[in-house]
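Asks: fold the following for me, if possible:
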Amino acid sequence: MRLVSVDPVHPHVRVVTLDNPSRLNSMSFALVGDLYAALEAVADDNECRVVVLTGAGRAFCSGLELEHAGLPPGTEDLGRHRMGMRAMEYMGGIVPAMRSIPQPIIAAIKGPAYGGGMCLSLGADIRVAGSTAVFCGAGINNGLSGTELGVSWLLPRAVGTSNSAEILLTGKSVDADEALRIGLVSRVVADDEVLDLAVDMAVGMCAFSPFGLALTKDTIWSSLEVGSLRAAIDLENRTQLLAGHTGNLTEATAAFKEKRPPVYTE
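Replies: Numbering: from 1, shown residues only. This is a model prediction of the structure:
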């Protein structure tokens, strides 16, 4: 049984759902493997321009599956230490996989986004929350480090170093209102509206150039990793020049003059 589904809710929008609600969509190796497969499928779907990531039932993702995690693929014959490292790499690689697909990802979050679930939400480009959404690093509460799946890099960039350190060092829970206040999410709505909000946002983005969307996502992430303002501007200059060769600006100008929506083919 697949633990992650991909649903085409619009010609250019796919909803990827973590679909094991009886376990609060916890991150077993089976579920993470299915998420890798789902990300690969949407990345290869040339009609898909935006992805919405959500969880079935009352949770987004409750973090690592503690009781029935299983084993990462191809590790059955490895010793404890090699298997442990492979397991960490397998789990840790899922956020870079989200960053690597060309489509922007909107996370529609309700209920718990704990541990690895919070990290998954940070791997999205946009986060919107239902009123019951609650975020927690969780690792520090379980006798482990509070850092995993890139959270020590992602969270400070989302909410600042002080807020990030408090979340990861104290194991505090952050409800939807606080998440909005500190910038962890951009919108909060009722639970039964959050998926519709994310899909509507995704559909609206589909009016833009698919190449422009992909380049913008890539440039935002890449600029987080460069070391200076000048390096970011150099990257933006080359990206904008590349986008300019698509003919999209000409179409946008013509559409403005003709008082019609632009139609982008690139």
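
Asks: which phi and psi does the closest residue to residue 205 other than its chain neighbours have?
Replies: Nearest residue to residue 205 in three dimensions, chain neighbours excluded: residue 50, at 5.1 Å (Cβ to Cβ, 6 or more residues apart in numbering). To be clear about C-beta, it is placed using only N, CA and C from the backbone, and glycine gets the same treatment. In terms of degrees, to the nearest 10, the main-chain angles of residue 50 are phi -140, psi 140.

Asks: surely residue 50 touches residue 202?
Replies: Yes - using Cβ atoms under 8 Å, residue 50 makes contact with residue 202 at a distance of 3.9 Å.

Asks: overlap of the contact sets of those two?
Replies: Residues within reach of residue 50 and of residue 202 at once, by Cβ atoms under 8 Å, 6 or more residues apart in numbering, are 13, 106.

Asks: re the thing from before, what's the burial count for the residue nearest to residue 205?
Replies: By other Cβ atoms under 10 Å, the residues close to residue 50 number 27.

Asks: now residue 202
Replies: 26.

Asks: got it, and residue 87?
Replies: Neighbour number of residue 87 under other Cβ under 10 Å is 17.

Asks: so for the helix or strand that contains it, what gets flagged as buried?
Replies: According to DSSP states H and E, residue 87 maps onto helix 80-92. Neighbour-count burial for helix 80-92, counted by 16 or more other Cβ atoms under 10 Å, picks out 83, 86-87, 90-91.

Asks: so which of the residues you listed would you say is closest to residue 15?
Replies: Within the set of the buried residues of helix 80-92, residue 91 lies nearest residue 15; the separation is 23.0 Å, counting by Cβ to Cβ.

Asks: next up, the contacts around the closest one.
Replies: Applying Cβ under 8 Å, 6+ apart to residue 91 gives the contacts 27, 29, 32, 64, 72, 116, 148-149.

Asks: among those, who's most crowded?
Replies: Per-residue neighbour counts (other Cβ under 10 Å) across the contacts of residue 91 peak at residue 27, which has 28 neighbours.

Asks: ok, now how distant is it from residue 16?
Replies: 14 Å (Cβ to Cβ, to the nearest Å).

Asks: and what of residue 156?
Replies: Distance from residue 156 to residue 16, by Cβ to Cβ: 26 Å.

Asks: ok, those two, which is more surrounded?
Replies: residue 16 (22 against 16).

Asks: helix or strand: which one has that one?
Replies: strand 13-18.

Asks: tell me the strands beside that strand, with direction?
Replies: Here strand 13-18 has these sheet partners by DSSP bridges: strand 4-10 (antiparallel), strand 50-55 (parallel).

Asks: quick check: buried residues in stretch 256-266?
Replies: 262, 264.

Asks: how about residues contacting that stretch?
Replies: For stretch 256-266, contacts defined as Cβ under 8 Å, 6+ apart pick out 207-212, 246-248, 251-252, 254-255.

Asks: now render the strands paired with strand 13-18 as a markdown table, adding mean pLDDT and distance to residue 141.
Replies: Formatted as a markdown table, these follow (pLDDT from 0 to 100; distance: least, Cβ to Cβ, whole Å):
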| stretch | mean pLDDT | distance to residue 141 |
| --- | --- | --- |
| strand 4-10 | 97 | 26 |
| strand 50-55 | 98 | 20 |
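
Asks: looking at the ones you listed, which is buried most?
Replies: strand 50-55 (a mean of 27; mean count of other Cβ atoms under 10 Å).

Asks: just the strands from this structure, written as ranges.
Replies: For the chain, the strands defined by DSSP state E cover 4-10, 13-18, 50-55, 105-109, 112-114, 126-130, 134-136, 173-175, 187-189.
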